[in-house]
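Asks: Got a predicted model here, sequence first, then my questions.
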Number of protein chains: 2
Amino acid sequence: MIFRRFASTSSLPPTIRQLFQTDLVSFKSKRVQINGWVKSIRRQKRIAFAVISDGSSPQSLQAVFTDVTLAKSLTNGSCVRLSGVLSDSVGPEQDREVQVDAVEYLGECDPAEYPIAKQSLTVEYLRDHAHLRARTVPVASMIRFRDQTQRTLRRFFEDEDFTYVHTPIITANDCEGAGDTFSVTSSPTPATHSQSQAPDKEKKSHFFGRPAYLTVSSQLHLEAVASSLARVYTLSPCFRAERSQTGRHLSEFWMLEAEWAFATQLRDLCDVVERSIKSVLNQQSSELPALHQDIPDVRKASLEAASRWDKSWASISYTDAVAELQKYQDAYRKFRFDPTWGGPLQSEHERWLAEQLVGGPVFVTDYPTSLKPFYMRANENGNTVACFDLLVPHLGEIVGGSLREERLPLLEEAVKLHGLDPEEYGWYLDLRKYGGAPHGGFGLGFDRLVQWISGIENIRECIPMPRYAGRMLL
Amino acid sequence: MIFRRFASTSSLPPTIRQLFQTDLVSFKSKRVQINGWVKSIRRQKRIAFAVISDGSSPQSLQAVFTDVTLAKSLTNGSCVRLSGVLSDSVGPEQDREVQVDAVEYLGECDPAEYPIAKQSLTVEYLRDHAHLRARTVPVASMIRFRDQTQRTLRRFFEDEDFTYVHTPIITANDCEGAGDTFSVTSSPTPATHSQSQAPDKEKKSHFFGRPAYLTVSSQLHLEAVASSLARVYTLSPCFRAERSQTGRHLSEFWMLEAEWAFATQLRDLCDVVERSIKSVLNQQSSELPALHQDIPDVRKASLEAASRWDKSWASISYTDAVAELQKYQDAYRKFRFDPTWGGPLQSEHERWLAEQLVGGPVFVTDYPTSLKPFYMRANENGNTVACFDLLVPHLGEIVGGSLREERLPLLEEAVKLHGLDPEEYGWYLDLRKYGGAPHGGFGLGFDRLVQWISGIENIRECIPMPRYAGRMLL
């Protein structure tokens, strides 16, 4: 699996990011061409300045016009090709500038009409202009930060010998058994479709011969491949038709899911989660200064503390967590919902555990069987399963994982107990019947990870084109 | 954008691939644990051998049992943990083996019931056992080859300063305007849905407030981001509700799409396509020996020739291609369809161009306007557009791309000419109205690329869990 590095020379001109990285000497007295968009202009009597960006990095290049007539028609948002000589800047803001001697106008932009000409626009306004909002500094930074984050995660799993798998988006199964799925039909939907249709005609009308849904999780598919390739992962779009309009839910979101054979201990799963996320927390991203501009220092300190390799994240059992929550509730009555063993942890509980009790990320483990899906591995005590949720300050759950039940009789029992059709899950049971390995895995909400680390308030600003109930632009 | 390399030590045990790579000295007289599945067993009186795979590479480890009682219950397909000492093998097939002194049975596999116990099974039979087929050598190799190929492509675009963008899967627009899309509804679909519904009630019933489809291409979305980040790409699932049952169509397929600003020449687009695919052709993949086992030498030679950096791929205009096809047809009357200027190139034409006329990959450029979507850039002559298809031997088209029309008046005209609603495409026109850059891009059928290079006959064997009309397992 050796890759020969790409050798042939690039036919693409250098980006501004590359111009900033290149040794100035190699450009000495050579003219360069800069392609980009005008972000701002400052005109004086004998000189004009323009800030040029091509989106390749948060850095902009300063264009200096000693011939002010060249800059006469420049407007914010217009697209230009500048020619000139690169040099170190004398100004404090840019460390490199171009002395322009020729301007080519590629695309005009009338500032009177330009919808995003103003400096500060509300996030709601920008959401309404989804096709243009990547032109603003924070959204451009977010998109590049997403790319960096997925690169770091991919590298982590490549280094750990995981194979990336393209799991299907259209599926027949609903992994969580929780409803809220989207249906897929070949359009146009027949208007005459009615419930009185005969079953065989019904079957014929399905494009795939059976009802089709958008995947809510790739886990079961990954388990099938992990029963041969041992270590697999994916970063795949997932879909939930949730109508809740919170700042941390999307109808279309991206989930990193990993699944591997021969895992027998919950702490080993948590360790992989912790190391993969710490590798992201420790990536040196030049986007964070722009993204962190408005978040309080205490949040930055919290992220900094979570990133430390020498300090392991905390872990607490669900049972102990509920006991702590109850103690606090008894003393202060601050929670709207009373914490009770057997009930789900509410958002307010999750945040208290991470923010108050632990003061950092915390794995909550071994939830009651009744709260979790059928495939999680039963603990010895019989009333909890070997699972965990990772809760982080300011956000709550960003990862969920478990050992999977590999013992066929117990899994068959769980399928029945959850009211699922054993026939439908025949293939899943087969994975245990024929050389089943102990195994486990997790799903990490990629957009939420970006939200947590970037400090962006609403998850709708953590993805270029968000989809949620009632809204889909472009 | 510097990434600190991940430093903390792995908690995961070494895979067989890693054991093959590790210097033997570091294991000298140390016991190792091997987790894997039994692929075959050979028993003699005083010694037994088993081939063990964990799917981490095409290499299997030979397990040697000098105590034959340890191997007594081993069966094909069973999952085991072996302990012993690693050493160089004396046998010709494996270059490394483990002398086993302890066996732990993790998952049994009854060979009498195991559906894939036999050595040679038809691809159709394996399609029916999609959940188990990754356990066969060719399918496991295909999955790892997909991973390698996407890594190589990603690295190529990272090196060229492209940003990876998560484009939406659920969308309101149909990029090609070609129909054959899948509709998305929140399930269950209301059974009482009828055409007599009032329009505002109709709107309310849509989860996103308007009809939603699965994307057929991410291009238009990429163009929006490219108008800020300049160079963007994605490797995204795409969907077409095609009922054609060919060996090179899937209903759910993966497409690498790249889009970049400041491109003005078709040959520059083709150059990026050629270099990106050559980087894949030149990746040293240890999977190819298994995949290429049954393909004729002439195909291997053809791939080898296409991979050469020092030999550029051919290029021919649509007009010249049709002239060549007509000459051949006039002389030999071999085509079922007469080639005519203005008509689409048929599959038989495409293959003749690549296989006979050129004898290698060929870019066919500048198709008639009427054959192509509205967004392609008009050539000076007025009846063709600045586009290309890449045709390869044995398969036909695997890439299509074009310069995009950046001139607002011409684009507005094209929208009308194609009978599209200018209101629907208002956002797309905005991209030109406000600082539009000349730009272009392409879409590469990822599964077809895998098919071409691997030599796998049917595209259904080029993806772990294929979806096509009438069929969706798992």
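Replies: Ah, there it is.

Asks: Quickly check: the helix or strand where residue A:87 lies near chain B or not.
Replies: Using DSSP states H and E, residue A:87 falls within strand A:79-88. Yes: Strand A:79-88 lies in contact with chain B when judged by CB under 8 Å from any CB of the partner chain; the contacting residues are A:79, A:81. C-beta here means a position set from N, CA and C on the backbone, and glycine is covered the same way.

Asks: Quick one: list the elements packing against the helix or strand following that strand.
Replies: Using DSSP H and E, the helix or strand that follows strand A:79-88 towards the C-terminus is strand A:96-107. Here strand A:96-107 is seen to pack against strand A:31-43, strand A:61-65, strand A:79-88 when contacts are counted using 3 or more CB pairs under 8 Å, 6 or more residues apart in numbering or on different chains; DSSP states H and E.

Asks: And the contacts of the shortest one?
Replies: What it means is strand A:61-65. The contact list for strand A:61-65, computed with CB atoms under 8 Å, 6 or more residues apart in numbering or on different chains, reads A:16, A:19-20, A:34, A:36, A:47-53, A:71, A:82, A:84, A:89, A:91, A:93-94, A:96-100.

Asks: from those residues, which would you call buried?
Replies: The neighbour-count criterion (16 or more other CB atoms under 10 Å in any protein chain shown) marks A:16, A:19-20, A:34, A:36, A:48-53, A:71, A:82, A:84, A:94, A:96-98, A:100 among these as buried.

Asks: most packed of the helices and strands packed on strand A:96-107?
Replies: Burial among these, expressed as mean neighbours by mean count of other CB atoms under 10 Å in any protein chain shown, is greatest for strand A:61-65, which shows a mean of 23.

Asks: per-residue confidence averaged over that one?
Replies: For strand A:61-65, mean pLDDT is 95.

Asks: quick check: angle from it to strand A:96-107?
Replies: Here strand A:61-65 runs at an angle of 80 degrees relative to strand A:96-107 (axes from the mean of the first three to the mean of the last three CA atoms, to 10 degrees).

Asks: can I assume residue A:271 sits in a helix?
Replies: Yes: with the criterion set as DSSP: H, G, I helix; E, B strand; the rest coil, the secondary structure at residue A:271 is a helix.

Asks: So it is in contact with residue B:9, correct?
Replies: No: counting by CB atoms under 8 Å, residue A:271 sits too far from residue B:9 to count as a contact (10.3 Å).

Asks: higher neighbour count, those two?
Replies: Neighbours were counted for residue A:271 and for residue B:9 using other CB atoms under 10 Å in any protein chain shown; residue A:271 has more, 18 against 7.

Asks: How about the contacts made by the more buried one?
Replies: For residue A:271, the contact set (CB under 8 Å, 6+ apart) comprises residue B:11.

Asks: Could you check how far it is from residue B:22?
Replies: Using CB to CB, to the nearest Å, we find residue A:271 at a distance of 22 Å from residue B:22.

Asks: Same check on residue A:85?
Replies: Residue A:85 sits 53 Å away from residue B:22, taking CB to CB as the criterion.

Asks: ok, now residue A:334?
Replies: Distance from residue A:334 to residue B:22, counting by CB to CB: 54 Å.

Asks: Settle it for me: which of these two has more neighbours?
Replies: Using other CB under 10 Å as the criterion, residue A:334 and residue B:22 rank with residue B:22 on top: 14 against 10.

Asks: confidence score at the closest residue to the more buried one other than its chain neighbours?
Replies: Excluding the flanking residues, the one nearest residue B:22 by CB to CB, 6 or more residues apart in numbering or on different chains is residue B:14, at 7.0 Å. Residue B:14 is assigned a pLDDT of 92 by the prediction.

Asks: My read is that residue B:14 contacts residue B:21, right?
Replies: No: the pair residue B:14 and residue B:21 fails to qualify as a contact (CB under 8 Å) at a distance of 9.1 Å.

Asks: More neighbours: which of these two?
Replies: Neighbours were tallied for residue B:14 and for residue B:21 using other CB under 10 Å; the higher tally belongs to residue B:14 (19 against 12).

Asks: Correct me if wrong, but the more buried one is in a strand.
Replies: No: under the criterion used here (three-state DSSP), residue B:14 is coil, not part of a strand.

Asks: Flag the helix or strand of chain A with the lowest per-element mean pLDDT.
Replies: One helix or strand of chain A scores below all others by mean pLDDT, DSSP states H and E: helix A:199-205, with a mean of 53.

Asks: thinking again about what came up before, counting by contacts, list what the strand holding residue A:87 packs against.
Replies: By contact count (3+ CB pairs under 8 Å, 6+ apart), the secondary structure elements abutting strand A:79-88 are strand A:31-43, strand A:96-107.
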